[in-house]
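1. Just a sequence and a predicted model for now, questions to come.
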Amino acid sequence: MNRDFVYLDYAATTPADPRVIDAMQSCMGAGGTFANPASVHIAGRKSAAIVADARQKVATLLGTEPGRLIWTSGATESNNLAIRGAAMARANRGKHLISMPTEHKAVADTFRALAREGFDVTWVRPDEYGVLDIDELAAAIREDTQLVSVMHVNNETGAIQDIRAIGDLCRARDVLFHTDAAQSAGKLELDLNDLPVDLLSLTGHKFYGPQGVGVLYIADRPHCNVLPIMFGGGQEKRIRPGTLPAHLIAGLGTAATLAFAEHDQDLRHVSALGNRMWAGIADIEGLQRNGPAEGGYPGILNVGIADIEGESLMLAMEPVCVASGSACNSTSGEPSYVLRALGRSDMEAQSAVRFSFGRMASEGDIDIAIERYRFAVDHCRSISPVS
Amino acid sequence: MPANDPYNEEVRRCFETPVHAGDVEGEYPEVLVADVSESANGSRLVVSAGVEDGIVAEIRFRAFGCPHLVAAAELVCSELENGPLERLAAIGTNGLMERLAVPVGKTGRLFLVEDALRLLHRQAVCAE
């Protein structure tokens, strides 16, 4: 494959698997299964069959029934729908909500918006590795608490939360539990017939599916429902209106089948790449690992060096594509709030680099990344008055 | 490079090959040092100059900051070396902003360069 960059930013988005692209192409163009799945004519019914097939494939991946899944445009919409929809549906029972400051912005900003509308939000901070203390969560739950939202795998650090323990606690206290599984779906085993999860968000483009399509899972339990946040046609049980994109859904279904079938192989592959990367840079003076050294998702490695300026580090690392905790490389203009919540200083957070690994990355890519990261650190230090 | 590259060729050249990065190594009658910083983003610039007979015989910098700051420091050092001392006070940010296509939001970092050079010049004047 000829590329002028080395891509190690799989936690941001993954390239679509060629088999996913094939599935999508079969839906496109006049000769494809392109019709509106809601149409009753034969072309529409063919598209509806594609959608039903994909829904079954995602249900198999998640260990649930296809009827529990709502198609969305991605994890951001799924998170908004789950959190706002559940908060509104249960507002007459109470207005207290709980989440963590290390959540993705799609979750955190939804809670902040609800707080401006009169909801009371409690933020439970994680430990220095980004992991939630279940006792702290238990202490935060009140009589009027309606919803807890805790992500499964953190997108910056790879920290994994114990969603079984959180779900058990929430069920015991009659509180809904939502998890943002954007970083874990298709990568870690999820069996929703067994896990005590009420609402779960995922997106296709984090596990080799297309961008622009996601899923919200809603458990079949009493008082577990969401109100719509958009209005229009009656699609998706009137919870999420809009014409279903058959080609994207077909792609997501295929990605789900591949993830289900190749889960062990994928996990072994990213673990090997993550270990290789860490072994190649761990001896750098001043290097700090952000997130758990063990027990986290092995496809994410976040490191920082406080005396290195993040933006210069990123430029010196080219053509390796990674994510940065630097303000200048983010849309927020601030160093990573996730790392700040773990107790990292601004200087530590701004120097952070997140390497994330995936199916198409190779050992050769890792070796280039090791060489470029070491070069970049040396280059920045050779210029710096701090070192 | 894509059209939306935040760094122009001059920035890339100066950042990748900062030949004036370091400390003054020669022996001069006068070695001036200016150390300036911006607390908002942690940027810091140290410029040292070896002066002899009113000439900046050697000038070096060390920078903790973004590529634009590094490039600006390298660029001014390359232009000031072997030139008259008075030029230290003449370099401003406007020309640098344009040549390096610095985003407006980073103007403050470019002022570090101007501040450091003016500080060096004041030290030189006071020493006379």
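-> Noted; the coordinates are in hand.
2. And the helices in chain B, which stretches?
-> Secondary structure of chain B (DSSP state H): helices located at B:9-16, B:67-80, B:93-99, B:107-127.
3. export those helices to JSON lines and tack on mean pLDDT?
-> Conversion of these to JSON lines gives the following (pLDDT from 0 to 100):
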{"stretch": "helix B:9-16", "mean pLDDT": "97"}
{"stretch": "helix B:67-80", "mean pLDDT": "96"}
{"stretch": "helix B:93-99", "mean pLDDT": "88"}
{"stretch": "helix B:107-127", "mean pLDDT": "91"}
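4. State which one residue of chain B is found closest to chain A.
-> Sorted by distance to chain A under Cβ to the nearest Cβ, the residues of chain B start with B:R62, at 3.7 Å. (C-beta placed from N, C-alpha, C; glycine too.)
5. how close does that residue sit to B:V102?
-> 20 Å (Cβ to Cβ, to the nearest Å).
6. try A:T72
-> In this view, A:T72 and B:V102 are 40 Å apart by Cβ to Cβ.
7. Isn't B:L69 up against B:G42?
-> No: the pair B:L69 / B:G42 is not scored as a contact, 11.1 Å apart, by Cβ atoms under 8 Å.
8. More neighbours: those two, which one.
-> For B:L69 against B:G42, the residue with the higher neighbour count under other Cβ atoms under 10 Å in any protein chain shown is B:L69, and the figures read 30 against 19.
9. Which neighbouring residues are in contact with the closest residue to the more buried one other than its chain neighbours, exactly?
-> Ranked by Cβ to Cβ, 6 or more residues apart in numbering or on different chains and with sequence neighbours excluded, the top spatial neighbour of B:L69 is B:R109, at 4.7 Å. The neighbours of B:R109, taking Cβ atoms under 8 Å, 6 or more residues apart in numbering or on different chains as the test, are B:38, B:41, B:43, B:65-66, B:68-69, B:72, B:102.
10. Next one, pLDDT for residue 43 please.
-> All of this refers to chain A. According to the model's per-residue confidence, A:A43 sits at a pLDDT of 96.
11. Chain B was what I was after
-> Looking at B:S43 specifically, the model assigns a pLDDT of 92.
12. Contact partners for it?
-> Contacts of B:S43 by Cβ under 8 Å, 6+ apart are A:309, B:37, B:63-66, B:69, B:109, B:112.
13. Then A:L244?
-> Counting by Cβ under 8 Å, 6+ apart, A:L244 touches A:36-38, A:47, A:51, A:71, A:235-236.
14. hey, where'd the strands end up in chain A?
-> Along chain A, counting by DSSP state E, strands occupy A:6-7, A:69-72, A:96-99, A:120-123, A:145-149, A:176-180, A:199-203, A:214-218, A:288-290, A:300-304, A:320-321, A:323-324, A:353-356.
15. what about A:A30, neighbour count?
-> Neighbours of A:A30 under the rule other Cβ under 10 Å: 5.
16. scratch that, B:T17
-> Every residue meeting other Cβ under 10 Å relative to B:T17 is counted, giving 10.
17. And for A:V131?
-> A:V131 sits with 20 neighbouring residues when counted by other Cβ under 10 Å.
18. With adjacent residues omitted, what lies nearest to it?
-> By the measure of Cβ to Cβ, 6+ apart, the closest residue to A:V131 outside its immediate chain neighbours is A:A159, 5.4 Å from it.
19. That neighbour: neighbour count?
-> The criterion is other Cβ under 10 Å. On that basis, A:A159 has 27 neighbouring residues.
20. Wait, it touches A:G291, no?
-> Yes: at 5.1 Å, A:A159 counts as touching A:G291 under the criterion of Cβ under 8 Å.
21. Quickly list what's touching both of those two.
-> In terms of Cβ under 8 Å, 6+ apart, A:A159 and A:G291 are both contacted by the residues A:129-130.
22. Report the rounded mean pLDDT for stretch A:146-166.
-> If you average the pLDDT over stretch A:146-166, you get 98.
23. and if you look at stretch A:377-387?
-> In this model, stretch A:377-387 has a mean pLDDT of 92.
24. A:R164 and chain B: what is the separation?
-> Remark: distance between A:R164 and chain B (Cβ to the nearest Cβ, to the nearest Å) = 41 Å.
25. count of neighbours near that residue?
-> Around A:R164 there are 12 other residues, counting by other Cβ under 10 Å.
26. how about A:P101, what does it touch?
-> For A:P101, the set of contacting residues under the criterion of Cβ under 8 Å, 6+ apart consists of A:108, A:123, A:125, A:337-338, A:341.
27. Repeat the analysis, applying 7 Å as the threshold.
-> Taking Cβ atoms under 7 Å, 6 or more residues apart in numbering or on different chains as the definition of contact, the neighbours of A:P101 are A:123, A:125, A:337, A:341.
28. The spatially closest residue to A:I134 that is not a sequence neighbour and A:L195, how far apart?
-> Once flanking residues are discounted, A:I134 sits nearest to A:A165: 5.1 Å by Cβ to Cβ, 6+ apart. Using Cβ to Cβ, one gets 11 Å for the distance from A:A165 to A:L195.
29. returning to what we had before: of the contacts of A:L244, which is the nearest to A:I370?
-> Taking Cβ to Cβ as the measure, A:I370 sits nearest to A:W71 out of these, at 40.3 Å.
30. wait, isn't that closest one in contact with A:I249?
-> Yes: counting by Cβ atoms under 7 Å, A:I249 is a contact partner of A:W71 at 6.1 Å.
31. what touches both of those two?
-> Applying Cβ under 7 Å, 6+ apart, one finds that A:W71 and A:I249 are jointly contacted by A:V213.
32. For the stretch 1-150 of chain A, which segments count as helices?
-> With helices called from DSSP state H, counting those that start in this stretch, the stretch 1-150 of chain A shows them at A:18-25, A:42-62, A:75-89, A:105-116, A:134-140.
33. For A:M314, find the nearest of those helices.
-> Using Cβ to Cβ, those put helix A:105-116 closest to A:M314, at 20.5 Å.
34. For that closest one, buried residues please.
-> Taking 16 or more other Cβ atoms under 10 Å in any protein chain shown as the neighbour-count basis, helix A:105-116 is seen to contain the buried residues A:106-108, A:110-111, A:114.
35. Render the CA-only coordinates of it in CSV, please.
-> In CSV, the C-alpha atoms belonging to helix A:105-116 read as follows (Å, rounded to 0.1, in the frame of the first residue of the first chain):
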residue,chain,number,x,y,z
LYS,A,105,-17.6,15.6,24.7
ALA,A,106,-20.6,14.1,23.1
VAL,A,107,-21.6,12.9,26.5
ALA,A,108,-20.1,15.6,28.7
ASP,A,109,-21.6,18.5,26.7
THR,A,110,-25.0,16.8,26.6
PHE,A,111,-25.0,16.7,30.4
ARG,A,112,-23.8,20.3,30.5
ALA,A,113,-26.7,21.3,28.3
LEU,A,114,-29.1,19.4,30.6
ALA,A,115,-27.6,21.2,33.6
ARG,A,116,-28.4,24.5,31.9
